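[1] Structure of the sequence below:
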Amino acid sequence: MSCCECQRLVERRTPAAGRGAELRPAVFLDRDGVLCRALVVAGKAYAPRKLGDLRLVPNASTIVQRLKDAGFLVVVVTNQPDIGNGLSSLDLVEEMHRRLRERVAVDGILMCPHRQTDRCSCRKPKPGMLLTAARRYGIDLSRSFMVGDRTSDVEAGRNAGCRSVFIDRGYAEGGPSDVEARTGSLQGAAAYILSCVHQSRVMGGRGPRVKSKHFMTTSAHRTSPSTRMGKTT
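    Modelled structure (predicted):
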């Protein structure tokens, strides 16, 4: 599947921005381990391969709505190499995303279905999905945030010109050595982002362009282990 074909897999709720529209800030969310629970085996995170295993993290819908109420678009950007590796079908993942959109008011879902070894432009840490979303929805990347639980998520945000928030799930691979904010949950990530919005408004700005700081919370969830996993995402 080519990168162009991948971009046609964008699933969205919010109409694309028209020409001349003011650019808006966004919060980009990784799917597994951020918005939904990852399956963790021996310290490694895996995407669910059954519809019944797709579970939201606590208060996901409420947290997303709080971000939207603060003026952010909320867009999911997810690597799903199980498709390219033949471990999950495209139809299954699309059905997962349909169900996800029924439960959470995200503005869009962009997915990279390629294998880890494919030289595509969309797989994180490359910024392809974020750049595509920026063009499609009229997003100001300099006022946006990437929230992820892997170093590749943080690097994708930086490569796109966003600030990044790392959710530390305690995976064996560790995390980035330097990140704007580090927390233990989606709730903690949202709290940090909203604090930046508040600080910017107090300073008279129109968006969260303030200098970042390290921010720690402790409410990390641990996902349920599974013994029937393949390659990591």
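
[2] Residues contacting the strand ranked longest in the chain, please?
    Of all the elements of type strand in the chain, the one with the most residues (DSSP state E) is strand 73-79. With C-beta atoms under 8 Å, 6 or more residues apart in numbering as the test, strand 73-79 has contacts from 14, 24-32, 35, 64, 67-68, 97, 100, 105-112, 123-124, 129-130, 133, 137, 139, 146, 152, 156, 233. Any C-beta I mention is one placed from the backbone N, CA and C, and that applies to glycine too.

[3] Asp91 should be in a helix, yeah?
    Yes - counting by DSSP: H, G, I helix; E, B strand; the rest coil, one finds Asp91 located in a helix.

[4] Of the contacts of strand 73-79, just the buried ones, PyMOL syntax please.
    Buried residues within these, by 16 or more other C-beta atoms under 10 Å, are selected in PyMOL with:
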select buried, resi 14+24+25+26+27+28+29+30+31+32+35+64+67+68+97+100+106+107+108+109+110+111+112+123+124+129+130+133+137+139+146+152+156+233
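
[5] In what element of secondary structure is the residue nearest to Ser88 when sequence neighbours are not counted found?
    Spatial nearest neighbour of Ser88, chain neighbours left out: Asp82 (3.9 Å); criterion: C-beta to C-beta, 6 or more residues apart in numbering. Assignment of secondary structure by DSSP states H and E places Asp82 within helix 81-84.

[6] And Ser200, by the same measure?
    Ser200 belongs to helix 186-202, assigned by DSSP H and E.

[7] Quick one: distance of that helix to the chain centre.
    The chain centre lies 17 Å from the centre of helix 186-202; the measure is C-alpha atoms, centre = their mean, to the nearest Å.

[8] Show me what that helix is packed up against.
    Helices and strands touching helix 186-202, by 3 or more C-beta pairs under 8 Å, 6 or more residues apart in numbering; DSSP states H and E, are strand 26-29, helix 60-69, strand 145-148, strand 163-167, strand 181-183.

[9] do you know which of those lies nearest Val93?
    Distance to Val93, taken as C-beta to C-beta, is lowest for strand 26-29 among the helices and strands packed on helix 186-202, at 16.1 Å.

[10] Noted, bye for now.
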